[in-house]
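[1] here is my input; please provide its structure:
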Amino acid sequence: MSITGYSDRINHALAFSAKHHDRQVRKGTRLPYLTHPANVAIILTRYGRDESTVVAGILHDVVEDCVGDAYTSEMLDQRIGEKFGYDVLETVLAVTYRRVDDDGIELSHEERREDYLERLADATDAARWVCAADKLHHVSRIVAELRRTIEPDNVWGRFTGGKDPSLRWYRRIYERLGEVGFSGEIMEELRTAIVALEDAAAASP
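    Residues are numbered from 1 along each chain as shown. Here you go, the predicted model:
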């Protein structure tokens, strides 16, 4: 598979994401939020994923925010599908946490996570790649912050439930990807990052 490089479509996605995330910062930091989707794109590019998958990686949190703002499917089609392709929209929706189920019933935080895991079974290979790259960047960033800080509780305090639920969640994502048959080369890097996170957590006072 050829390595994806610069393209007008990728540039458009980055500009669209930058505009959407304007003034947003990474939780607990001063880093522009765009650093996350940009890093997801870099990871996907490093593994030689196709342009549509890279674009989906750039846009994955844009769509999640749109869903959170109660956008209709028609609005998502117009904002994402028509601009970047319906394959991109399908990929991103597959790895977007849903706020309500198919019957319109609001899901709790834990139910959203379980729903996310369940839907990975029917997700495309591209969607699983975006999921893995997204989680790899999250985990790697947490490890780096834990290694720099003298107050690990401040790092864990950014996440719902704190340290133990976060550790279980990332481990569960990795296991679920394996359960549904995803065998992308990124899985070894994700496993290594999760082990590093678990080790860093164990070393925390």
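[2] any weak-confidence spans in the protein?
    1-5, 21-32, 64-73, 205 (pLDDT under 70).
[3] find the centremost residue of it, please.
    The centroid of the chain falls nearest to residue 134 when counting by CA atoms, centre = their mean (3.3 Å).
[4] who are the contact partners of that residue?
    Taking CB atoms under 8 Å, 6 or more residues apart in numbering as the contact definition, residue 134 lies against 40, 57, 60, 95. Quick note: C-beta positions are derived from backbone N, CA and C, even for glycine.
[5] now the helices for the protein?
    Taking DSSP state H to define them, one finds helices in the chain at 8-20, 35-46, 51-68, 73-76, 82-84, 86-94, 109-119, 125-148, 152-156, 163-179, 186-203.
[6] how close does the residue nearest to the centre of the chain sit to residue 152?
    According to CB to CB, to the nearest Å, residue 134 and residue 152 sit 23 Å apart.
[7] got it, and residue 195?
    17 Å.
[8] the two: which is more packed in?
    Neighbour totals were compared for residue 195 and residue 152, and residue 152 leads with 18 against 14 (other CB atoms under 10 Å).
[9] residue contacts, that one?
    Applying CB under 8 Å, 6+ apart, we find residue 152 in contact with 146, 163, 201, 204, 205.
[10] what separation do you get for it and residue 158?
    Distance, residue 152 to residue 158, by CB to CB: 11 Å.
[11] got it, and residue 149?
    12 Å.
[12] if anything else comes up later, I'll come back, but that's it for now.
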